[in-house]
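In: I'd like to go over a predicted model; first the sequence, then the structure.
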Amino acid sequence: MSASPIHIEGVDKVFNSAAGELVALKEIKLEIPAGQFTCLLGPSGCGKSTLLNAIAGFALPTRGTIRTGAHAVTGPGPERGMVFQEYALFPWMTVEQNVAFGLEIKGLDKAAIAATVARLLEMLSLGDFRQRFPKDLSGGMRQRVAIARVLALDSPIMLMDEPFGALDALTRRNLQDELLRIWAATGKTIIFVTHSIEEAIYLADRIVVMTYRPGTVKRDVMVDLARLRDPAAPDFNALKRELGQLVMEEQQRHHNDELRMAAVD
Ligand SMILES: Nc1ncnc2c1ncn2[C@@H]1O[C@H](COP(=O)(O)OP(=O)(O)OP(=O)(O)O)[C@@H](O)[C@H]1O
């Protein structure tokens with residue numbers, strides 16, 4: 001399966017809640033070329049997950065369209081794989097069975113499944129843990145299994161919702177490096193949601209900074225730094241300051257909104 005560009009055109013998402021309409025996304029327009037590593041960055045509540053879920057086809061836009069190549073997204077599809085923050089593994093299956101699951105559903109023969117699973121477990125340093133159950137793994141290992149599971153399906157587009165948010169700093173950096181290696185080796189399109197400015201700069205070709213409610217594109221930044229990037233380098237830090245200012249403005253709007261709502265209560 002080869003990657004197609006993603007076209008997001010005039011996307012709004014409105015939720016109806018007890019408190020009335022909540023406009024989570026407003027007029028999002030993005031063209032994401034095949035193979036690009038894009039991070040969606042912004043404070044809590046700016047609609048990053050809503051946009052990712054719309055691309056995944058889990059929750060369709062209220063207005064506007066999302067297409068991969070010529071195909072409108074009308075629901076989940078095999079060309080788009082999702083990795084969630086909560087590892088979303090089957091607890092009753094071993095590592096090996098978790099990774100094999102999607103391939104069995106696809107009806108691949110046993111030998112092909114075994115070869116793919118062995119290759120991916122090796123790639124993600126899980127070879128020695130293939131008989132373990134998720135409860136017997138660390139958070140970092142569980143997240144590796146979740147990544148292996150999506151890679152097994154070979155979706156050209158990987159959607160990742162704060163996949164490393166719950167991990168300690170060292171594990172997080174290791175997995176970021178592994179993800180960059182996989183991305184370079186496979187040419188997949190990755191859309192990665194994060195709160196972390198440093199994580200976005202470390203990983204992305206492009207960072208889309210979103211505004212707090214309604215979620216719009218505040219700034220669309222190409223990251224022109226050579227990889228592997230050094231978070232201590234002056235150009236890395238200059239970009240971190242610039243993005244930090246943008247995110248802080250939106251955090252402040254979030255904070256003001258909360259104060260306003262508390263005053264109404
Ligand atoms: N199913 C829903 N029903 C009602 N409101 C929702 C629903 N899903 C999200 N929202 C609201 O939409 C807004 C955007 O939420 P979303 O989860 O996309 O933000 P986010 O940027 O991903 O935040 P976080 O980083 O905290 O996950 C929030 O105000 C949230 O409360």
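Out: Happy to help now that I have it.
In: any part of the longest helix along the chain near the ligand?
Out: Longest helix in the chain by number of residues, with DSSP state H as the criterion: helix 234-264. No: Helix 234-264 lies out of reach of the ligand by C-beta under 6 Å from any ligand atom, never closer than 9.1 Å. No exception for glycine: its C-beta is placed from N, CA and C like everyone else's.
In: for that helix, buried residues please.
Out: Buried residues in helix 234-264, counting neighbours by 16 or more other C-beta atoms under 10 Å, are found at 236, 239, 243, 246-247, 250-251, 253-254.
In: can you list the residues of this structure near the ligand?
Out: Selection of the chain residues close to the ligand by C-beta under 6 Å from any ligand atom yields 15, 17, 22, 24, 42, 44-50, 195, 213.
In: for those, work out which two are farthest apart.
Out: Using C-beta to C-beta, the pair of these lying farthest apart is Ser17 and His195, separated by 23.1 Å.
In: neighbour count winner among the two?
Out: Comparing Ser17 with His195 by other C-beta atoms under 10 Å, the one with more neighbours is His195, at 16 against 7.
In: in this structure that one contacts Glu162, no?
Out: Yes: using C-beta atoms under 8 Å, His195 is in contact with Glu162, at 6.9 Å.
In: what's the spacing between whatever residue of the stretch 51-200 of the chain ends up closest to the ligand and Leu41?
Out: Proximity to the ligand, evaluated over the stretch 51-200 of the chain using C-beta to the nearest ligand atom, is greatest for His195 at 5.8 Å. Distance, His195 to Leu41, using C-beta to C-beta, to the nearest Å: 8 Å.
In: kindly report the same for Ser49.
Out: Distance from Ser49 to Leu41, by C-beta to C-beta: 13 Å.
In: who's more crowded, those two?
Out: Using other C-beta under 10 Å, the more surrounded residue of Ser49 and Leu41 is Leu41, with 28 against 21.
In: bridge partners for the more buried one, pull those for me.
Out: Per DSSP bridges, the residues bridged to Leu41 are Thr194, Val209.
In: can you name the residues that contact it?
Out: By C-beta atoms under 8 Å, 6 or more residues apart in numbering, the contact set of Leu41 is 48, 194-195, 197, 200, 207-210, 243, 247.
In: Leu40 too?
Out: 48, 51-52, 191-194, 208, 210.
In: for these, which one is nearest Ile66?
Out: Closest to Ile66 out of the contacts of Leu40 is Leu51 (9.2 Å), distances taken as C-beta to C-beta.
In: so what pLDDT did the closest one get?
Out: For Leu51, the pLDDT comes out at 98.
In: next SSE downstream of the host helix or strand of it?
Out: Assigned by DSSP states H and E, Leu51 belongs to helix 48-56. Toward the C-terminal end, the helix or strand that comes next after helix 48-56 (DSSP H and E) is strand 63-68.
In: now that next one: buried residues?
Out: 64, 66, 68.
In: low-confidence ranges in the stretch 151-265 of the chain?
Out: The stretch 151-265 of the chain contains residues with pLDDT under 70 at 265.
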